[in-house]
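S.K.: Sharing a model prediction with you, sequence too.
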Amino acid sequence: MPNARLLMTFPVTATSHTLAEYRARGGYGALEKALRQMTPQQVTAEVNASGIQGRGGAAFPMGRKWGVIHPNDGQPHYLCANADEGEPGTFKDRWILENAPHLLLESIVIAAYALEVRHAFVYIRGEFDLPYRRLAGALEEAYAAGYLGADILGTGFACDIVVYRGGGSYVCGEASALITSIEGKRGYPRNRPPRLTVRGLYQRPTVVNNVETLSNIAWIVDHGGDAFSKVGTPKNPGTRLISISGHINKPGVYEIEAGYPWARFIYEDCGGMQNRLGLKGVIPGGISTKVLTGAEIESLHFDSQEMEAAGSSLGSGGTIAIADGTCMVRLLQVMLRFYHHESCGQCTPCREGMGWLHRIIDRIVDGQGRSEDIERLYSISRLNDGTTICGMGDAAGYATSGILNKFRGEFEYYIEHKRSQFDGRLACPKSS
Amino acid sequence: MPEIFINGQAVQAERGQTVMEVAVAHGFVIPHFCWHPDLSIAGNCRICAVQVEGRSWVEIACNMPVADGLRVLTDSEMVSSYRKSLMQLFTLNHPVDCGICDKAGECMLQDYHYAYNGSPSESREPKVHATKFHPLSDRITLDNERCVLCTRCVRFTHEISKSKALGVTQRGDVSLIRAAEDHPLDDDPYSDNIVDLCPVGALLSRSFLYKSRVWYLEPTPSVCPGCARGCTVQIWHRKREWKLNALDPRHNASIERVTPLDNPQVNGPWICNKGRDLAAIFERPRAQQALCHGKPVDLARAIDAARTLIAGAERPLALVSNWASNEELEAFRRALGDRFRALYKHDCSPVAGERIEDDFLIRGDKNPNTAAARALFPFDDPALPLDGGVDLLLVWGEGFDFARVPPAARTIVLGSYVDDAHARADVFIPVSIQTEREGHYTNFAGVVSAFEPCFPKSDRVAHAQSLFAELETA
Amino acid sequence: MKHLIPEFAVLRSRFPAGFESSLVLPCLRRIQEERGHVADEDIDGLVAYLGVPRIQIEEVLSFYTEFRRTPIGRFHIAACRNVSCSLRGSEEIVAHLCTALGIEPGQTTPDGRITLSTVECLASCGTAPVVTVNGAYHEDMTAAKIDALLATLA
């Protein structure tokens, strides 16, 4: 079955990220085309025609988000590329930042042209070292070559990009928290209404898009939105960058066309499970998506509808493969410790709920679990479903209820026997 | 004008309002910690969530814009069940301090626990502990364990008092309300409003700490005399039926605390810290003994002596207090206005360190009734000497420099607080203070506000309002 | 931090007008790069330079995990403890570090050389387990590679 490549179209070398090599691959041709031959409305029309959805986890149609920005409304618009990539298991935006930073920059300038944006930001998580240096280097090259600044390519279009480094906070990957962080404050998410596209950065209309989502724009302009919509499936046009990790033989970033079968991806492209172990389960798209058993995922494809019907989601494209013999109670403990650590603390269900979930799972792992604990984990998850300011509360609930739904027996065992059903270590078990 | 439905009842809303605002305006109760009509929307407590008819989830009402035809339910089964569960999270780490917490009896957490939960905590985990007696400022103590992080206090200092003193440090369930480390809350003259705003017993007034259970107290409406803004206040004192029979009887007649009396025309729901400290004004040592030439006499004798002096004066001059009420000023004018030439004086001037004036509540004129006094009498400029021909000077109230008394003048002094000068007057008559009578003040903008008596007046002290008629001579 | 002001002025010029508040994070990062942490007098200086409320800076310093108000060891070793790293052996790596250094996460070696932390996902899951040393990523770690790394931190 053919697998289209739109982004990972070149071999990665020590210099493949440079401007010279990007241009040799045809880079910045889309920008030339957009600025010289298209109006902003035409660019937006292509994005709409492509049907592209957000690749940060929420899958919101990009054209629809852009459509809220009113042209000529007499106020500044802002565009923020979300390079905060904090969802555990996800490292595909990193691939773009390290190996194709110019692709991102070019796409941002085209988007800025479409959205009447004069100042765009790349919000990059503070911990990123090489990705930041590559991006900063590319930014310098782009300015020097006239692809950014007051008069881009002599067309009169002006755009500046500021790379804004975060400070270590998962919640700043949420669009409104990201914006509040760029304002120099704590990363507190905001209630909606108002939508960020109405009042965002410093209360101005702001579009926040994921790095991967944006990086598709150059291809869309080059080949047309219609052509993009024919890649993948009608409901999931284009490709997805999938980062896979865990007990898999060949972890890494892969470009997958929507519709591709999971079984082939796991067992052929990624070399199957370490130590010839069976596939116990897969967290498909970052730990905030619900785990599926090995048996379940083997019959599914990279398709959002199929995944939802199966009770999960493609999420952020961060896939984690888990081998037989892994203790899911301990795995949930690591997740709940994470959510507890990352809760911003603003709203009651998440602030108190994450701490409660974490303390319960710690107590179970310490051998002090009680029979009512499982129901309590469920009810705290329910109380965080749709009741919080941002999706983090919901996410912790999905992670918890997802694992409980599929592996409840392990929790009952742990509570009754005061120890794991397995050896309790999370590192890959030895071969069966 | 959008029409919405709350619990099936049609109510008229205004465009731009939220469901919370409409509900409050029409008497519907939606519980809330973080929402406040005068602060920005935080939407963090999540207890105000209601159900839009037909939806299977709840949404917060404080940030829900009205739309024509919107139908919400505030007490459906889904909402009730949600509230009960959410209350469990509020009480999860909340210390069971009610027995020693000043807020008991006026605590929103207590009220909502009874109204919406009622069950003991279902948690088996040890509670998260935090600082319990953090000195947020000289005047306010903070208990972080009780705090529900509604951020009303933070928003107040950024949006209303503009001191920007408070914020939230750290994150998650170890978040802590803190003041900036250079102590700006100490310099915020409106700081104590956060004690009113705090829905629980996290922020407490250090001067009121452990003084009294609130259900033994009752508020009497009054007006703060600290400046010409004339904020309306509530002076809290022991309820008569709860009077203490043992211990010090002065507890039964003292000001326990002062809170704002909501007044959209004048001060809204706020007052400055000077108004909190009214005891510092009204509970100074009282002058309650009438004197003639410094010798104690009974009140009737002093009044007689004063009347005699007034009858015999050829050029009497009166210096009228601008702390006098509208009624007292009118009584003076009617009884003695023809007999005396009268000027009004400024009883009080700003003291060192006091904020003079700002664009919020504080006015530079530190007296409550200048407007009414000025309407009746010219101003006595303390820089000028008094008329040397005056043979009788009546001084009413404080702030007079007795070195200005004309050499030939006899003096009648009406005062309330101990002052050495009283003994040097020909006649001293002690008069009542604001908390012992009813009356009205007129503020700088002409708004008239009423005060009521909190405490009984001593028999040895006269009400100036009735005194003037007694001093009138044919 | 006064000597950094010319740099801050250049940074400021890259932002749109009115974005002074945004400079808080990048200025704090730069200050910490120099001093190793952010001192009280740095906060005072930044308040004066940017005109933001002091509480905003205090909040930011305590909210984000990368900022420090007290000095740490010369080398900061941060080991990821999240899901994918755990599945590839990070728990054993952390234990190995604790044994080798004689400290627990959150502590600094008595000679002030190394501070050890555990952190959450660093987006290095494909090359897990990962540790960072003063921000630089060291990926695909094993106990042997940890030993080799520690040997370079003399």
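M.R.: Yep, it's here.

S.K.: Show me how chain C divides into domains.
M.R.: Under the assignment automatic domain parsing, the domains of chain C span C:2-63, C:75-152.

S.K.: of all these, which lies closest to chain B?
M.R.: Taking C-beta to the nearest C-beta, domain C:2-63 is the member of those nearest to chain B, at 3.8 Å. C-beta coordinates here come from the backbone N, C-alpha and C atoms, glycine included.

S.K.: How about the residue in the stretch 201-350 of chain A that chain C sits nearest to, nearest residue that isn't a chain neighbour?
M.R.: For the stretch 201-350 of chain A, the residue closest to chain C is residue A:245, as judged by C-beta to the nearest C-beta, at 3.6 Å. Distances taken as C-beta to C-beta, 6 or more residues apart in numbering or on different chains place residue C:125 nearest to residue A:245, at 3.6 Å, with adjacent residues excluded.

S.K.: just residue A:302 next, same as before
M.R.: residue A:260 (4.8 Å).

S.K.: Surely the one you found touches residue A:231?
M.R.: No - at 11.5 Å, residue A:260 does not count as touching residue A:231 under the criterion of C-beta atoms under 8 Å.

S.K.: between these two, which one's more packed in?
M.R.: Neighbours were counted for residue A:260 and for residue A:231 using other C-beta atoms under 10 Å in any protein chain shown; residue A:260 has more, 24 against 21.

S.K.: How confident was the prediction at the closest residue to chain A within chain C?
M.R.: As assessed by C-beta to the nearest C-beta, chain A sits closest to residue C:64 within chain C, at 2.9 Å. Note on residue C:64: pLDDT of 98.

S.K.: quick one: contacts for it?
M.R.: Taking C-beta atoms under 8 Å, 6 or more residues apart in numbering or on different chains, we find residue C:64 in contact with A:126, A:166-169, A:186-187, C:25.

S.K.: got it, and residue B:425?
M.R.: Residues in contact with residue B:425 (C-beta under 8 Å, 6+ apart) are B:291, B:293-294, B:395, B:411-413.

S.K.: same thing but 10 Å
M.R.: Counting by C-beta atoms under 10 Å, 6 or more residues apart in numbering or on different chains, residue B:425 touches B:291-294, B:306, B:393-395, B:402, B:405, B:410-415, B:419.

S.K.: for residue B:23, same thing?
M.R.: Going by C-beta under 10 Å, 6+ apart, residue B:23 touches B:4, B:6-7, B:11, B:13, B:17, B:29-30, B:32, B:48, B:50, B:61-62, B:72, B:74.

S.K.: Recalculate using a threshold of 6 Å.
M.R.: By C-beta atoms under 6 Å, 6 or more residues apart in numbering or on different chains, residue B:23 lies in contact with B:6, B:30.

S.K.: circling back to that earlier point, correct me, but the residue of the stretch 201-350 of chain A closest to chain C touches residue C:126?
M.R.: Yes - if you go by C-beta atoms under 6 Å, residue A:245 and residue C:126 touch, sitting 5.2 Å apart.

S.K.: tell me, what's touching the two both at once?
M.R.: By C-beta under 6 Å, 6+ apart, the residues touching both residue A:245 and residue C:126 are residue A:251.

S.K.: So the two - more neighbours on which side?
M.R.: A direct count of neighbours by other C-beta under 10 Å for residue A:245 and residue C:126 places residue A:245 higher, at 28 against 25.

S.K.: just checking, that one is part of a helix?
M.R.: No - per DSSP: H, G, I helix; E, B strand; the rest coil, residue A:245 lies outside any helix segment and is strand.

S.K.: which non-adjacent residue is nearest the residue with the largest distance to the centre of chain B?
M.R.: Taking C-alpha atoms, centre = their mean, the residue of chain B most remote from its mean C-alpha position is residue B:54, at 45.7 Å. Excluding its sequence neighbours, the residue lying closest to residue B:54 (C-beta to C-beta, 6+ apart) is residue B:71, at 7.7 Å.

S.K.: what does residue B:26 give?
M.R.: Leaving out its chain neighbours, the residue that sits closest to residue B:26 by C-beta to C-beta, 6+ apart is residue B:11, at 4.9 Å.

S.K.: swap in residue B:210?
M.R.: Leaving aside its chain neighbours, residue B:210 sits nearest to residue B:102 (6.9 Å; criterion: C-beta to C-beta, 6+ apart).

S.K.: I'd like the distance from the residue nearest to residue B:26 to chain A, if you could.
M.R.: Distance from residue B:11 to chain A, counting by C-beta to the nearest C-beta, to the nearest Å: 21 Å.

S.K.: what about that residue, neighbour count?
M.R.: Using other C-beta under 10 Å, residue B:11 has 18 other residues around it.

S.K.: Each with direction, which strands does the strand or helix carrying it pair with?
M.R.: Element membership for residue B:11, per DSSP states H and E: strand B:9-12. Sheet pairing of strand B:9-12 (DSSP bridges) gives strand B:3-6 (antiparallel).

S.K.: just how off-centre is the partner strand within its chain?
M.R.: 37 Å (C-alpha atoms, centre = their mean, to the nearest Å).

S.K.: Show residues contacting it.
M.R.: Contact with strand B:3-6 is made by B:10, B:12-13, B:23, B:28, B:66, B:68, B:70-72, as judged by C-beta under 6 Å, 6+ apart.

S.K.: Mind doing that once more with 7 Å?
M.R.: Contacts to strand B:3-6, defined as C-beta atoms under 7 Å, 6 or more residues apart in numbering or on different chains, come from residues B:10-13, B:22-23, B:28, B:66, B:68, B:70-72, B:74.

S.K.: again, but for stretch A:69-77
M.R.: Residues outside stretch A:69-77 that contact it (C-beta under 7 Å, 6+ apart): A:40, A:115-118, A:197, A:204-205, A:207, C:16.

S.K.: Having no further points to raise, I will conclude here.
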